[in-house]
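In: Below is the sequence, then the predicted model.
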Amino acid sequence: MLTNKNLQLNSLGKLQHFLSIEGLQKSLLTEILDTAESFADMSEQQVKKFPLLRGKTIVNLFFENSTRTRATFELAAIRLSADILSMNIATSATSKGESLLDTIRNLEAMQVDMFVVRHSLSGAAHFIAEHAAPHISVINAGDGQHEHPTQAMLDMFTIRRAKKKFSGLRVAIVGDILHSRVARSQIHALNILGAEEVRVIAPKTLLPAQVESLGVTVYHDLTAGLKNIDVIIMLRLQKERMNSALLPSESEYFKCFGLSDDKLKTANKDAIVMHPGPINRGVEISSSVADGPQSVILQQVTNGIAVRMAVMSMAMQSNARGD
Ligand code: NCD
């Protein structure tokens, strides 16, 4: 069987699909960040459109809800001059019993060049990449509880812009780590890029078994965990993925693990506060912190466009027919 790494990279070691962060080299992650940096600069100009993917057809295949991710993938494709079709899977033939592979075969017959896939099953994007025609690139926009690599890269981009480098950085990821594909991708990215320390702060019920093996230190107390921290990443409680009561109540959760102004003071003075969204005010984060001077939550959204432009253009260039 092909490994993730082999499947994502072409024979020249270039990004052909973007399925997971795990197993990628630091140089490739840095190339994504540097490419995104040039798109971010260009996006600040009045004309935001570049002809790089002119004539290419991209299909957004979202089997799960999304606001930010879907919209920023669409805008990224439009700004690269590609044509993009966003499929509403709830009203597609999948609900009539068509298999995932049949859906893919039908879209391939319409001569598409790239699939951006969000699916509730871990491994769905890998499966599509393995079975799609060789000229098609597949980008994982979140698969179950596995990975969400473009979210992690836009987070790394936001961190690098604020803090300049990864060495010496202490990062805390707080909340529902168990159900978070974002956290998994972030942990891999931070370790590959050379962060000093990655902490996870959560109740025991919201941590995966053997989480330390991912390269993190574990805290169950927010105040202790935020000491000396440069970057705080808050996560939403993913109640839609919880099949049993893992928590007493939302107000109890906020008291112990919610980020309030008081708790924020425990971290370094210049710490930044991040959240992949959607945020639940008063559950994992107070409004005053979410809207406060240390929050970079909306910058993350803006940066998502440049990072997705980078990943899409890199994958499409490595996957040009005849490469
Ligand atoms: C996340 C996701 O869907 O994994 N959101 C996102 O992509 N911005 C996190 C979440 O749903 O809480």
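Out: Received it, and whenever you're ready, just let me know what you need. Numbers count the residues shown, from 1 in each chain.
In: how about the strands in this protein?
Out: 57-62, 83-88, 114-119, 137-143, 170-174, 197-201, 217-219, 231-234, 272-274 (DSSP state E).
In: which residues does the residue lying closest to Thr217 once chain neighbours are set aside contact?
Out: Using CB to CB, 6 or more residues apart in numbering and skipping the chain neighbours, the partner closest in space to Thr217 is Arg199 (5.1 Å). Where you see a C-beta, it was placed from the backbone N, CA and C, and this is true even at glycine. When contacts are counted by CB atoms under 8 Å, 6 or more residues apart in numbering, Arg199 touches 170-173, 216-219, 225, 229.
In: hang on, the earlier thing: if I average pLDDT within each of the strands of the chain, which one is lowest?
Out: When the strands of the chain are ranked by mean pLDDT, strand 83-88 comes last with a mean of 91.
In: Let me see the contact set for the nearest residue to Ile297 once chain neighbours are set aside.
Out: Spatial nearest neighbour of Ile297, chain neighbours left out: His275 (5.0 Å); criterion: CB to CB, 6+ apart. Counting by CB under 8 Å, 6+ apart, His275 touches 233-236, 284-285, 290, 295, 297, 300.
In: for Ser287, same thing?
Out: Ser287 neighbours (CB under 8 Å, 6+ apart): Arg281.
In: Pull up the gap between it and Gly277, please.
Out: Distance of Ser287 to Gly277, computed by CB to CB, to the nearest Å: 14 Å.
In: Quick check: Glu74 touching Phe62?
Out: No. With contact taken as CB atoms under 8 Å, Glu74 and Phe62 are classed as non-touching, separated by 10.5 Å.
In: who touches both of those two?
Out: With CB under 8 Å, 6+ apart as the test, Glu74 and Phe62 both reach Ser86.
In: So what pairs up with Phe115 in the strands?
Out: Val59, Val138 (DSSP bridges).
In: any idea how the protein splits into domains?
Out: 5-147+304-320, 149-301 (automatic domain parsing).
In: Which pLDDT value goes with Ser95?
Out: 67.
In: Are there helices or strands packed against the longest helix seen in the chain, and which ones?
Out: Assignment by DSSP state H gives helix 297-318 as the longest helix of the chain. The contact analysis (3 or more CB pairs under 8 Å, 6 or more residues apart in numbering; DSSP states H and E) places helix 297-318 against helix 26-43, helix 68-79, strand 114-119, strand 137-143, helix 149-163, strand 272-274.
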